[in-house]
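A.B. asks: A predicted structure for the sequence below; I have some questions about it.
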Amino acid sequence: MKKKLLFFSFWLLFGIFLAACGGEQQVSSGEETTENNDGQEGQSLDYPTKPVEIIVPYDAGGGQDIAARTFAKYLEEELGQRVIVSNVSGGGGVMGHTQIANAEPDGYTLGIIHTFTSVDQFTLAEIPYTEKDFKPVAMIAADPLVLVAKKDIGVDNFEDFIEYVKGKPGEVTIGMGGPWNGHDFFRHKLETETGVEFERMLFQGGAPALTAVAGGNADSATPFVAEALAQIEADTVVPLAVSSDERSPLLPDIPTVKEFGYDVTQYMWRGFAVPTDTPQEIVDYLDEVFTRTFNNPQYQEDAEKAGISLSFKNHEEFTKYSQEEFETYKSVVEELGIEPQ
């Protein structure tokens with residue numbers, strides 16, 4: 001009898017021991033962990049847990065603002081957090097870009113940048129940022145520009161306008177959103193190829209320059225197609241030519257400058273960036289989120305209605321492309337001998 005009791009007790013204790021081990025194993029496997037590139041376990045990314053801000057370095061209504069706000073609407077759905085778009089204008093974009101570069105690198109402050117953001121250091125005096133202060137996340141657009149003129153100039157086509165400007169060298173004003181950006185390089189190419197000479201008028205973005213033309217306070221301007229659509233449709237300005245290789249589907253009746261025999265094209269890419277010290281795991285997460293947002297058919301439909309020329313590059317592609325663009329325009333600045341203003 002004693003032997004039977006001892007045998008039963010042994011197996012009872014052994015069963016309890018096995019159950020305990022199994023329970024510990026079950027708890028352990030239920031913990032949320034991630035594995036980094038070194039094969040070590042770490043905590044899962046706890047981001048985002050609060051609203052995210054996108055800084056637009058120009059006034060509301062401009063090309064950068066339209067692109068950022070249209071994208072932000074759908075980005076909210078993917079992030080699961082509110083996305084706040086803040087216009088920080090001043091200094092031809094310097095104030096806003098400085099704020100992006102100096103923001104806390106925690107993923108909660110992003111900015112929309114463009115082709116010439118990193119070139120500012122060569123064209124504007126005392127710029128506190130360089131190309132090394134921004135980490136590209138994703139590119140979403142590449143927009144052409146359109147040359148527009150005020151109504152009372154009395155011309156309605158590109159060729160007549162060029163003749164008009166030739167007859168008043170250095171007198172016809174042309175508005176642009178800051179010095180030596182997409183607007184200004186378009187102006188420079190027009191002057192070089194056609195032999196005209198404009199008087200530059202600088203504004204805090206393409207939208208104010210366009211408003212000046214509509215109000216008769218500037219003779220012409222070079223806004224982006226997206227910026228100019230509303231004024232063109234309202235018949236407050238005269239569209240003359242676009243800077244793309246082919247006619248814009250948004251302005252199919254407006255010829256390209258190239259159609260008149262001049263080798264002039266100009267685009268402005270638009271993309272999002274974070275401060276350069278932002279952790280790569282956050283950038284990788286944003287890369288995935290931005291890709292899904294861009295591929296949302298409803299976003300693409302709304303973007304096209306807003307006049308945005310869609311063109312996407314992910315984090316890796318955008319990083320390489322933006323560096324190539326930087327080197328290209330750096331060379332142009334050096335060749336032209338442009339001095340910081």
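C.D. replies: Alright, I've got the coordinates.
A.B. asks: C-terminal to the strand or helix carrying residue 175, what's the next element?
C.D. replies: Using DSSP states H and E, residue 175 sits within strand 173-176. Once strand 173-176 ends, the next helix or strand along the chain (criterion: DSSP H and E) is helix 182-194.
A.B. asks: list the buried residues for that following helix?
C.D. replies: Across helix 182-194, burial judged by 16 or more other C-beta atoms under 10 Å covers 182-190, 193-194. Any C-beta I mention is one placed from the backbone N, CA and C, and that applies to glycine too.
A.B. asks: where do the helices sit along the protein?
C.D. replies: Secondary structure of the chain, counting by DSSP state H: helices at 2-29, 63-79, 94-101, 120-123, 158-166, 182-194, 206-214, 225-233, 280-294, 297-305, 315-336.
A.B. asks: elements contacting the third one?
C.D. replies: Contacts defined by 3 or more C-beta pairs under 8 Å, 6 or more residues apart in numbering; DSSP states H and E place helix 94-101 against strand 52-56, strand 109-114, strand 267-275.
A.B. asks: now it against strand 52-56, angle please.
C.D. replies: Here the directions of helix 94-101 and strand 52-56 differ by 150 degrees (axes from the mean of the first three to the mean of the last three C-alpha atoms, to 10 degrees).
A.B. asks: just the CA atoms of stretch 92-109, as CSV, please.
C.D. replies: What follows is stretch 92-109, C-alpha atoms only, in CSV (Å, rounded to 0.1, in the frame of the first residue of the first chain):
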residue,chain,number,x,y,z
GLY,A,92,11.6,82.7,-49.2
GLY,A,93,11.0,79.5,-47.3
VAL,A,94,14.1,79.9,-45.0
MET,A,95,12.1,80.1,-41.7
GLY,A,96,10.1,77.0,-42.4
HIS,A,97,13.0,74.9,-43.6
THR,A,98,15.0,76.0,-40.6
GLN,A,99,12.2,74.8,-38.3
ILE,A,100,12.1,71.5,-40.0
ALA,A,101,15.9,71.0,-39.7
ASN,A,102,15.9,72.0,-36.1
ALA,A,103,12.8,70.0,-35.0
GLU,A,104,13.0,67.3,-32.4
PRO,A,105,14.1,64.2,-34.3
ASP,A,106,11.3,62.0,-33.0
GLY,A,107,9.1,61.6,-36.0
TYR,A,108,6.4,64.0,-34.8
THR,A,109,7.6,66.9,-37.0
